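Trainee: Just to be clear, the model below is a prediction. Sequence and coordinates:
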Amino acid sequence: MIGLPKLFGFLLFLMIDPAAISYAQVKSELSNSEITEQINKIIQSTNWTNDAEAKAAGLKIEALTRLLGQNPEKPDTIIPSGASAQDSAILNEDALQDRLFKIALDAFDAKATDAENLSVDLSAPVRNEIIREYKEDKMDSYVLTQADMPHLVVIDFNEESSVQELSVMLQNPNVRDLVLLYGPYANQFGLENLLDTICKLPLKTLVISGFHVITPEEAHTLPLVLPKFPELEVFYWIKNGKREFSPIATSTPILKEFYLDSYPSTGLTGILEGLKSLSVFGYSGMSLDVHQINVLKTLFPHCKFVIN
Amino acid sequence: MIRYLCCIGLIFGLAGFMQSNRAFAQKQKNVYIEATVPAGLDAEEQEEMEYRLESVFALNLKMSFSCVTVLTRSTFRNELRNDYQQALTGNGSGGSAMFGSLCKYDYLLKIELNSFESGASFVSAKVISRRPVKVVGEASLLGRNMDQTAVAREVALKLVDDLSANEFCPFTGTLFLDQTDIQHFNDTTKTPVFVYDPNRKQMCEGFSINTYEKSGTQKTKWEINRIGRGAAIADLQSEMDELIEEHEENDCYTCKSGRIGGRIWTRTTSQRFVASRVSEESKSAEDQTNDARIEIRFQDDSTYLLIIKATSVFEKNTDVSIQETATGTCDGINTRQTFQTANTIFLNATLGPFKGTSSDTQLSGSGTVELPSNQDGGESELVYRFSFRR
């Protein structure tokens, strides 16, 4: 008992429901007028007094009549094989509405026992396209060449990617300026190990910040021995706790700018001694008295002091 | 105005459009600029040339893109020192946060200068995003009889154009789509029926009159916030009510028992669909988007298209009620079934072309579109308005 409009939608529905194909296959290719003509011929040619002949004719007429009822008066909508996305979407709209109806009928026929399973996620193709586009947004599409490698590398150990960036950076022949920002991902290395690793790079600028968290117990242990950075010109040691250094002149023979904070003031002259190229010294966090400042100025008469 | 639009919806309007005032701040983009000049210059000349090249590009980027902050290799040390001093005087954030915000860059702009004996200079520039690694803009120029800085200026302008076309500072804002679909369809067919009745040994002749009537109202409202280049967050309200009534009067209906005679059959199917949840299968920890996208496709003729996609959650959201009755020759039928089915709604539309280019600071538009109805008697209308800024 399929009404004409429903059949119209039903044909559209074929593109998403292969199970409906068997139904479509029995649909007559004859027009309504051709079917009526055939019925009339059977009526006229049948000997209705012969039971067998009458029964056979009756069955034929019944079958033809059923086809008559199924044929739409409007031409069927055909989905072209090369339909554009626009066409498909518009057709889908039809299909969706009739889909609801179809689901309802199917469910009714199945006594509503499995209505949920009859549903189809018609948004899935569009949703998959959206998911793919978001994935593409996040995908690398370029391989860095040596020429693309930057001189400045910043590794923030708060980011999961920092471990990989560290390994990439070690292969970067261009790196000259390095900024290491402490985060939980640094814990697996330890500060000493990191310093031992990066000292192999031809660094000119080095910023190390926030590493007091990594080894709090070390703050009062042995002074940190800085490995050799023969080309280092600028060094920032910021927010790394009160860990003391051994004298750094042998590690950084050409250091020009050195910035510290929270460093015990009593040990300053010790670590700075021998830095012949030092032109700027920044110090903050711990107060220096006039005497200490005068000692530093005597040691480094051509150095600019940036002191809090 | 609408070149092509396809919008799917099971719709019904709720009173009041969702006017959430979600605002999404434009994400600042840090660009680190680094120039490489030919070997052979002394250190001072090399530094000077790198500084000039980096400055040209830094200036052009800052003037063209409000979302950009730049750091150049030449000025990196000065910037560090300034930040340190500001921290000392209490004007900066200080410490690792200070250096993080200063140094961490999202994009690397590599500039390369090559000089030839003929006097020609070749300048190339490439902007590479760090994560994911993509080239988001590039430009180059071989300049003859031109000063190297002049060549660099030309390349910088070309680079700005290329970055604009790729929405380096993306257009962000809101698109409202409001679709209303009213359907009313009815159809009656009268078909002759001829059935041989073996019990009576005669033909039953008559008509089968079938009536099909469908009416419904659907309204869907989408509010889609574009928060990045393509990325969006959508809100949805959609409702649909539909009633389908089928009626058949058959003079020669064959019962299961084989008996043939008149029968009147009716089936009334009513459905109510409600959807308000946009699916979130593309959502990730770093991107708080849901399954929605708005792509702005700039075209060569100074127009652009909006390509919009969004989907709702596929869930049980449709109440179905079916009542069937039959009277006449056979045993009577009078049944009623109610149940729920799962359904979903999606938006897959292209709006435009609209006049505008990627270098505009604002793109906006509004209009009403009469959508082609899929059935006779239906009316479908789409009202849209949008405003994006960069």
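Mentor: Arrived safely, thanks for sending.
Trainee: and residue A:237, how far is that from residue A:209?
Mentor: Applying CB to CB, to the nearest Å, one obtains 8 Å for the distance of residue A:237 from residue A:209. Any C-beta I mention is one placed from the backbone N, CA and C, and that applies to glycine too.
Trainee: Please disregard the earlier target; I meant residue A:195.
Mentor: Taking CB to CB, one finds residue A:195 at 14 Å from residue A:209.
Trainee: go on, residue B:172?
Mentor: For residue B:172, the distance to residue A:209 - CB to CB - is 33 Å.
Trainee: what residues are up against the residue nearest to residue A:270 when sequence neighbours are not counted?
Mentor: Closest residue to residue A:270 apart from its sequence neighbours, by CB to CB, 6 or more residues apart in numbering or on different chains: residue A:247 at 5.9 Å. The contact partners of residue A:247, taken as CB atoms under 8 Å, 6 or more residues apart in numbering or on different chains, are A:270, A:271, A:272, A:273, A:274.
Trainee: So which of residue A:195 and residue A:209 has more stuff around it?
Mentor: Applying other CB atoms under 10 Å in any protein chain shown to residue A:195 and residue A:209 shows that residue A:209 carries more neighbours, namely 24 against 20.
Trainee: surely that one meets residue A:259?
Mentor: No. The criterion here is CB atoms under 8 Å, and residue A:209 misses it with residue A:259 at 10.4 Å.
Trainee: so what sits against both of those two?
Mentor: Joint contacts of residue A:209 and residue A:259 (CB under 8 Å, 6+ apart) are A:236, A:238.
Trainee: For the stretch 1-150 of chain A, which residue gets nearest to chain B?
Mentor: Residue nearest to chain B within the stretch 1-150 of chain A: residue A:58 (2.1 Å; CB to the nearest CB).
Trainee: Pretty sure that residue sits against residue B:195.
Mentor: Yes. With contact defined as CB under 8 Å, residue A:58 counts as touching residue B:195 (6.5 Å).
Trainee: can you list residues touching both of these two?
Mentor: The contact lists of residue A:58 and residue B:195 share residue B:203, where a contact means CB under 8 Å, 6+ apart.
Trainee: buried residues in stretch B:126-141?
Mentor: By neighbour count with 16 or more other CB atoms under 10 Å in any protein chain shown, stretch B:126-141 contains the buried residues B:126, B:127, B:128, B:129, B:130, B:134, B:136, B:137, B:138, B:139, B:141.
Trainee: Quickly note the distance from the residue nearest to residue A:270 to residue A:228.
Mentor: 13 Å.
Trainee: residue ranges of the strands in the stretch 151-300 of chain B, please?
Mentor: Using DSSP state E, counting those that start in this stretch, the strands assigned to the stretch 151-300 of chain B run over residues B:172-197, B:202-226, B:230-254, B:260-275, B:292-298.
Trainee: Average pLDDT for stretch B:262-273, rounded please.
Mentor: Here stretch B:262-273 scores 95 as its mean pLDDT.
Trainee: Stretch B:129-149 now?
Mentor: Averaging pLDDT along stretch B:129-149 gives 91.
Trainee: And stretch B:378-387, by the same measure?
Mentor: Stretch B:378-387 comes out at a mean pLDDT of 89.
Trainee: just how off-centre is it within its chain?
Mentor: In this view, stretch B:378-387 has its centroid 16 Å away from the chain centroid, taken as CA atoms, centre = their mean, to the nearest Å.
Trainee: what's the answer for stretch B:180-189, then?
Mentor: Mean-position distance between stretch B:180-189 and its chain equals 31 Å (CA atoms, centre = their mean).
Trainee: which parts of it are buried?
Mentor: Buried residues in stretch B:180-189 (16+ other CB under 10 Å): B:180, B:181, B:182, B:183, B:185, B:187, B:189.
Trainee: re the thing from before, are any of the contacts of residue A:247 buried, and which?
Mentor: A:271, A:272.
Trainee: Let's have the contacts of residue A:247 in CSV, adding pLDDT.
Mentor: Below are these laid out as CSV (pLDDT from 0 to 100):
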residue, pLDDT
A:270, 80
A:271, 83
A:272, 86
A:273, 85
A:274, 87
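Trainee: From the contacts of residue A:247, pick the one nearest chain B.
Mentor: Set against chain B, the nearest of the contacts of residue A:247 by CB to the nearest CB is residue A:272 (17.1 Å).
Trainee: you'd agree residue B:165 is up against residue B:358?
Mentor: Yes. Assessed by CB under 8 Å, residue B:165 is found in contact with residue B:358 at 4.9 Å.
Trainee: Looking at those two, which has the bigger crowd around it?
Mentor: residue B:358 (20 against 13).
Trainee: Please tell me how far the more buried one sits from chain A.
Mentor: Distance of residue B:358 to chain A, computed by CB to the nearest CB, to the nearest Å: 18 Å.
Trainee: what number of residues lie near residue 291?
Mentor: Just so you know, I chose chain A. Around residue A:291 there are 8 residues (other CB under 10 Å).
Trainee: look at chain B instead
Mentor: Neighbour tally, residue B:291, other CB under 10 Å: 28.
Trainee: which ones are touching it?
Mentor: A:127, A:130-131, B:234, B:278-283, B:309-311.
Trainee: Let's see the ChimeraX selection covering just the buried ones among these.
Mentor: Those of these that count as buried under 16+ other CB under 10 Å are selected in ChimeraX with:
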select /A:127,130,131 /B:234,278,279,282,283,309,310,311
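Trainee: Give me the subset of the contacts of residue B:291 lying in helices.
Mentor: A:127, A:130, A:131 (DSSP state H).
Trainee: Which pLDDT value belongs to the second one?
Mentor: Looking back up the chat, that one is residue A:130. For residue A:130, pLDDT reads 95.
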